[in-house]
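Peer 1: Need coordinates for the following:
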Amino acid sequence: MKNFNITAKIQICSYDELHPEEKKLIDCSKEACSRAYAPYSQFRVGAAALLANGEIVTGSNQENVAFPSGLCAERTALFYANSQYPEHAVRSLAIAAYTQGDFVDKPISPCGACRQVILETEMRYQNPVRIFLYGKSEIYIIEGIKDLLPLAFDAIVTSDE
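Peer 2: The predicted model follows:
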């Protein structure tokens, strides 16, 4: 039997250490939280995607009483970006969460379904998506989804026809 270790490279910084364009992306994700529809969980998530053309698109979680019919903020933003700007790669994605009257202290990370969509976005554009996970006390910066999804299902089925 063999063993192997899986490691993730995650940079941790404060908001003040970010470049102005990174701060803007985080701010857009925080603002997107205000548009979340979260009457059941009261957990509002916002995501902002920076595209190769400089455009920033946002999304927020949208809950539904017929769980799991809702959609996460990350997928809302990425699906919108892909449908409205299909020729422009997603360069960066910022995620923020707001609950109990304030933003979370420690960052939250994308769910498994969102991680898979981020992976597909990276594969589609042959470009890693830099991910910013916002928390009041610290921000995590991940250079690509493989650090959050190391044993990813990344096979694209193609037809010979």
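Peer 1: alpha carbons only for contacts and neighbour counts from here, please
Peer 2: Will do.
Peer 1: And residue 134, how close does it get to residue 145?
Peer 2: Distance of residue 134 to residue 145, computed by CA to CA, to the nearest Å: 16 Å.
Peer 1: Looking at these two, which one has more neighbours?
Peer 2: Each of residue 134 and residue 145 has its neighbours counted (other CA atoms under 10 Å); residue 134 has more, 28 against 23.
Peer 1: check contacts around the more buried one.
Peer 2: Neighbouring residues of residue 134 by CA atoms under 8 Å, 6 or more residues apart in numbering: 26, 94, 95, 96, 97, 106, 107, 108, 140.
Peer 1: Phi and psi next, for the fifth one.
Peer 2: Dihedral angles phi and psi of residue 97 (degrees, to the nearest 10) take the values phi -130, psi 140.
Peer 1: Tell me how many other residues surround residue 110.
Peer 2: Count around residue 110 with other CA under 10 Å applied: 19.
Peer 1: got the contact list for it?
Peer 2: Under the criterion of CA under 8 Å, 6+ apart, the contact partners of residue 110 comprise residue 74.
Peer 1: Tell me which helix or strand it sits in.
Peer 2: Element membership of residue 110, judged by DSSP states H and E, is empty: it is in no helix or strand.
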